[in-house]
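Asks: Test case, fold it:
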Amino acid sequence: MQNYSDYWYQSSDGLRLYARQYGNTTAEQTIICIPGLTRNSSDFTALCEHLAPRYRILAVDLRGRGQSDYDTNPENYHPGCYANDILSLMGSLALPSAIFIGTSLGGIVSMVLAATAPERIQAIVMNDIGPEPDKAGLDRIKRYVGNKSTVKNWSEAVEKTKSIQAQEYPNFSDEDWLIFSKNLYRENALGQPELAYDFAISHLLNQQNDDTTSDLWPLFTAMQNIPLLLFRGELSDILNQQCVRKMQTLKPDMQFVEIPHCGHAPLLSETEALNAIDNFLIYNITST
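Replies: This is a model prediction of the structure:
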């Protein structure tokens, strides 16, 4: 049973974009969930269902993912453009501000919004991402994100997903892998699973190297007055402990939780994550 409504809106350059809408549309607080590079709104299902009794939640499919339009210009697959899309979403709903929960790329988009439109941000939860992503993790992602190899059935989709992500989720059961894979793939007209993203999203990532990777620390320093909760997967190869320590030094009031037994990125359905998000939101909403 679908426990969310479909919401469609238009980007400033004319794309038809999609979000899942959970909870009460008249709730005082709105949360916007932004997924990682190859992921989509379905990743936040458990978290959204948990938060729905108290908040209005919008889980987005970024352009080029899920049910949102694919962009014919791969140069538009970058955080600044995604941030503008989020502002278009907020404008379509007349939302003056929101709380943001961003996984990986979604966390970078949240940082861009904090730097360019701080008045629209009430608080941010960043999931396994920081201003200095680890090269080892980026190289791992580059190896698979643009891979156009196909699968014939759900069994093959699960096996392919496990071959790529096994080190990130060592405690996954067979059911966990199936759910995770079904959040990443969708069935085509022939009933075969296909990845639910435009392979061109790898364009910007593949252009980057050690000399061209953007310096995101200025974006982070712009978040000084924004309540922030940071998650890290214990086994993460994207957010290393040195980066976390620097973030804590620059923003001493940042809350930090490490999720055990997982890499990049925590699902945010873990008990530790749900409890931390509940406490963070209650404290920061009641204190503002």
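Asks: Report the helix or strand with the lowest average pLDDT across the chain.
Replies: One helix or strand of the chain scores below all others by mean pLDDT, DSSP states H and E: helix 202-207, with a mean of 82.
Asks: Show me what that helix is packed against.
Replies: When contacts are defined as 3 or more Cβ pairs under 8 Å, 6 or more residues apart in numbering; DSSP states H and E, helix 202-207 packs onto helix 135-145. All C-beta spots, glycine's among them, are computed from the backbone N, C-alpha and C.
Asks: and the angle from the helix or strand just after the helix it packs on to helix 135-145?
Replies: Where DSSP states H and E defines the elements, the next helix or strand beyond helix 135-145 is helix 154-165. Inter-element angle recorded for helix 154-165 and helix 135-145: 160 degrees (by axes from the mean of the first three to the mean of the last three Cα atoms, to 10 degrees).
Asks: Export the least confident helix or strand of the chain to CSV, keeping only CA atoms.
Replies: Provided in CSV are the C-alpha atoms of helix 202-207 (Å, rounded to 0.1, in the frame of the first residue of the first chain):
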residue,chain,number,x,y,z
SER,A,202,28.7,10.2,-14.1
HIS,A,203,29.8,13.1,-16.4
LEU,A,204,30.9,15.6,-13.8
LEU,A,205,32.4,12.9,-11.5
ASN,A,206,34.5,11.5,-14.3
GLN,A,207,35.9,14.9,-15.1
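Asks: Quick check: what element follows it along the chain?
Replies: Sequence-wise, the next helix or strand downstream of helix 202-207 (DSSP H and E) is helix 217-221.
Asks: what residues does that following helix touch?
Replies: Ile108, Met111, Val112, Ala114, Ala115, Gly130, Pro131, Glu132, Met247, Leu250, Lys251 (Cβ atoms under 8 Å, 6 or more residues apart in numbering).
Asks: With that, I have no additional questions.
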